[in-house]
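Asker: give me a model of this one.
(2 chains)
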Amino acid sequence: MKDIPSGVEPIAASVRARHFKAEAVIAAAQNVVAARDPDLNCFTSLYGEAALKEARALDARIAAGEAPGPLAGVPFGVKNLYDVAGFVTLAGSKINQENPPAKADATLVARLRQAGAIPIGAQNMDEYAYGFTTENAHYGATRNPHDTRRVAGGSSGGSAAAVAAGMTPISLGSDTNGSIRVPASFCGVFGLKPTFGRLPRTGTYPFVSDLDHLGLFTSSTTDLALVYDALQGPDLTDPFCAQRPVEPVRDTLESPDMLRVAILGDWFQDGACPEALTALVEVAEALGGGPTVSLPEAARARAAAFCLTAAEGAALHWADLRARPGDFDPATRDRLLAGALLPSALLIQAQRLRRWFQARAAELFTQFDLLLAPATPCVAPFIGQTTLRLGGREVPARPNIGLYTQPISFIGLPVVAAPIHTPGGMPVAVQLIARPWQEETALRAAAKLERAGVAGARIAGR
Amino acid sequence: MAPIDDHTVSVMATLLELTIPPQYAAGVAENLQRLLIQAKLVMDFELPPDTEPAPVFHA
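Answerer: Numbers count the residues shown, from 1 in each chain, chains lettered A, B, ... in the order given. Below you'll find the model as predicted:
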């Protein structure tokens, strides 16, 4: 995007001021995708002329004196489990190729369009969002823009990598067990997983209804807050969506209020690689330091989320698992079939444990405003890598990448994944975890880290 | 915990009228073993009887 600004706010301001046409902005983004995506495989479909046509319509509205919205002309990508009217929602699967095109946009896509942003394509993911690496048997692996030998993380891997490669300044993703925070960590961009129930999921392909969160990736905290504000608001058609009013955060990022910070120990540091632990210490120091505390029984919380995911995912895909198991990605299929065999008492107990664990987190939040933990125990593994070395033990890679994210999404807490880059190394993110409905706290902390030069996204190849 | 084998998977699947093709049985057994290790962590934890399940149904 030569001469066209790279951030969301500057792009929108320049389009509104008619320094650039929205059509030129979208064309420039499409050119970056054309140049970089053959190597990275972030997109599974591109909207091409449809996106340009939408941009020209926006330019015409601006020329006619209409207010085009706070995100005027800003290109965005969507994880391919979001409905975009006129296109088939794949959810990373071969099976869904048989579905008709979506008749309407997902609520969040519609809200971004209403704000003036323009979708340019759908992004690669693990099949049915069940994975942490975006090594998809049907659509190929998404490659990490910082080292194309490595995975981008998942399941929203194409979305995070597209932001890290400078293809789109915004990507929409989803996070059931870590699927925003993990790829944000591996790709070195900001990710926001709001409180469970904050953003409506209407028009997105589900995975685990009581764990699915929607969220986003950007390359700065200002952009994260601005776009998050455009996404908020109740939606009666999602039964899990809290009917809360919009609580804008964009203008609160520079609040000088001090935050009481604590570092999660035990489970949340066991086995972490040196890069993750160093990042954690840097972040804690930059936020004024704080004690190391325990969130009890995090291992059991993670175990409960792990089992609920397999069982509820199996229930969702039951008919296809019975009728056409060969059409699934093998990695997804075997896990879902195993999940179908879990006993019902376990699932009830997991939901009871969830309530208990939620109460323990609430106790910590009576003393602290923000909890810190690594987002991932490691930097991005290599594509095809099957094991990780954590704390001296060799463990299977795929099930263990989400060790530190799963207990947190299990109880729906809002998190910003703040990326930390080291010279010559791969990025890794720290989770900034706030009380339920206090996204503002996590975003303010992320903005403070960004201003201090501790956290920040890095666009690969720029 | 006793290892889960293909036969065990097949018997459990039969109870659900779920046919697992033989070529998938080993992968399913491996994943079920992994899940049951996690399940034990959940089931072994004693919770107070008044701890209600978390999901809320809104009529």
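Asker: so who does residue 41 touch?
Answerer: Here I'm looking at chain A. By C-beta atoms under 8 Å, 6 or more residues apart in numbering or on different chains, the contact list for residue A:41 reads A:124, A:139, A:140, A:141, A:142, A:143, A:158. C-beta here means a position set from N, CA and C on the backbone, and glycine is covered the same way.
Asker: that's the wrong chain, I meant chain B
Answerer: Residue B:41 neighbours (C-beta under 8 Å, 6+ apart): A:299, A:300, A:303.
Asker: in helices, which of these appear?
Answerer: Here DSSP state H is the test, and the contacts of residue B:41 give A:299, A:300, A:303 as lying in helices.
Asker: list phi and psi for the residue of the stretch 1-150 of chain A found nearest chain B.
Answerer: The stretch 1-150 of chain A approaches chain B most closely through residue A:130 (11.3 Å), counting by C-beta to the nearest C-beta. Reported as degrees, to the nearest 10, the phi and psi values for residue A:130 are phi -100, psi 80.
Asker: could you find the closest non-adjacent residue to residue 22?
Answerer: Let's take chain A. For residue A:22, ignoring the flanking residues on the chain, the nearest one in space by C-beta to C-beta, 6 or more residues apart in numbering or on different chains is residue A:73 at 3.2 Å.
Asker: switch to chain B, that's the one I care about
Answerer: Among residues not flanking residue B:22 along the chain, residue B:6 sits closest, at 7.3 Å (C-beta to C-beta, 6+ apart).
Asker: surely that neighbour meets residue B:26?
Answerer: Yes - if you go by C-beta atoms under 8 Å, residue B:6 and residue B:26 touch, sitting 6.1 Å apart.
Asker: enumerate the residues of chain A near chain B.
Answerer: Residues of chain A found near chain B (C-beta under 8 Å from any C-beta of the partner chain) are A:210, A:239, A:297, A:299-300, A:302-304, A:306-307, A:310, A:321-322, A:325-326, A:330, A:333-335, A:337-343, A:345-346, A:348-356, A:358, A:396, A:399.
Asker: are any of these buried, and which?
Answerer: A:210, A:297, A:299-300, A:302-304, A:306-307, A:310, A:321-322, A:325, A:333-335, A:337-342, A:346, A:349-356, A:358, A:399 (16 or more other C-beta atoms under 10 Å in any protein chain shown).
Asker: just those residues: which are in helices?
Answerer: A:299-300, A:302-304, A:306-307, A:310, A:321-322, A:333-335, A:337-340, A:346, A:349-356, A:358, A:399.
Asker: please flag which of the contacts of residue A:41 sit within helices.
Answerer: With helices taken from DSSP H, the overlap with the contacts of residue A:41 comprises residue A:158.
Asker: and the furthest pair within the contacts of residue A:41?
Answerer: Comparing all pairs in the contacts of residue A:41 by C-beta to C-beta, the longest separation belongs to A:139 and A:143, at 12.5 Å.
Asker: can you dump the C-alpha atoms of the longest helix along chain B in CSV for me?
Answerer: As assigned by DSSP H, the longest helix anywhere in chain B is helix B:22-43. Listed next in CSV are the C-alpha coordinates belonging to helix B:22-43 (Å, rounded to 0.1, in the frame of the first residue of the first chain):
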residue,chain,number,x,y,z
PRO,B,22,-11.4,-50.1,11.1
GLN,B,23,-8.8,-47.8,9.5
TYR,B,24,-9.8,-45.0,11.9
ALA,B,25,-9.9,-47.1,15.1
ALA,B,26,-6.3,-46.6,16.1
GLY,B,27,-6.5,-42.8,15.8
VAL,B,28,-9.7,-42.7,17.7
ALA,B,29,-8.3,-45.0,20.4
GLU,B,30,-5.3,-42.7,20.8
ASN,B,31,-7.5,-39.7,21.1
LEU,B,32,-9.9,-41.3,23.5
GLN,B,33,-7.0,-42.4,25.7
ARG,B,34,-5.8,-38.7,25.8
LEU,B,35,-9.4,-37.5,26.6
LEU,B,36,-9.8,-40.1,29.4
ILE,B,37,-6.6,-39.0,31.1
GLN,B,38,-8.1,-35.4,31.2
ALA,B,39,-11.5,-36.8,32.2
LYS,B,40,-10.0,-38.4,35.2
LEU,B,41,-8.7,-35.0,36.4
VAL,B,42,-12.3,-33.7,36.1
MET,B,43,-14.0,-36.6,37.7
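Asker: show me what counts as buried in that helix.
Answerer: For helix B:22-43, a neighbour-count test (16+ other C-beta under 10 Å) marks B:24-25, B:27-36, B:38-39, B:41-43 as buried.
Asker: pLDDT of that helix, averaged?
Answerer: Mean per-residue pLDDT for helix B:22-43: 96.
Asker: and which of the ones in helices among the contacts of residue B:41 is nearest chain B?
Answerer: Once C-beta to the nearest C-beta is applied, the member of the ones in helices among the contacts of residue B:41 that ends up nearest chain B is residue A:303, at 3.8 Å.
Asker: ok, that closest one - contacts?
Answerer: Residue A:303 touches B:38, B:39, B:41, B:42, counting by C-beta under 8 Å, 6+ apart.
Asker: distance check, it against residue A:79.
Answerer: Distance, residue A:303 to residue A:79, by C-beta to C-beta, to the nearest Å: 27 Å.
Asker: tell me where the model's unsure across chain A.
Answerer: A:1-2 (pLDDT under 70).
Asker: quick check: phi and psi at the residue of it most remote from its centre.
Answerer: Each residue of chain A has a distance to the centre, and by C-alpha atoms, centre = their mean the biggest one is for residue A:64: 36.4 Å. Dihedral pair for residue A:64: phi -80, psi 0, per degrees, to the nearest 10.
Asker: can you get me a residue count around the residue nearest to residue A:100 when sequence neighbours are not counted?
Answerer: What sits nearest to residue A:100 in space, not counting adjacent residues and going by C-beta to C-beta, 6+ apart, is residue A:88, at 7.2 Å. By the criterion of other C-beta atoms under 10 Å in any protein chain shown, residue A:88 has 18 neighbours.
Asker: and the one 3 residues further on, by the same measure?
Answerer: Here the number of neighbours of residue A:91 (other C-beta under 10 Å) works out to 24.
Asker: list the contacts of it.
Answerer: When contacts are counted by C-beta under 8 Å, 6+ apart, residue A:91 touches A:80, A:81, A:125, A:127, A:128, A:129, A:205.
Asker: residue A:272 now?
Answerer: Contacts for residue A:272 (C-beta under 8 Å, 6+ apart) come out as A:280, A:374, A:377, A:378, A:390, A:391, A:404.
Asker: now swap in residue A:398 and tell me
Answerer: Applying C-beta under 8 Å, 6+ apart to residue A:398 gives the contacts A:131, A:132, A:133, A:331, A:386.
Asker: chain A contacts on chain B?
Answerer: Residues of chain B lying near chain A by C-beta under 8 Å from any C-beta: B:9, B:12-13, B:16, B:18-21, B:24, B:27-32, B:34-35, B:38-39, B:41-43, B:45, B:47-48, B:51-55, B:58.
Asker: who does the helix or strand hosting residue A:28 touch, helix- and strand-wise?
Answerer: Using DSSP states H and E, residue A:28 maps to helix A:22-40. Contact here means 3 or more C-beta pairs under 8 Å, 6 or more residues apart in numbering or on different chains; DSSP states H and E; on that basis helix A:22-40 packs against helix A:8-16, strand A:43-46, helix A:48-63, strand A:75-79, strand A:118-123, helix A:157-164.
Asker: go with 6 Å
Answerer: Packing partners of helix A:22-40 (3 or more C-beta pairs under 6 Å, 6 or more residues apart in numbering or on different chains; DSSP states H and E): helix A:48-63.
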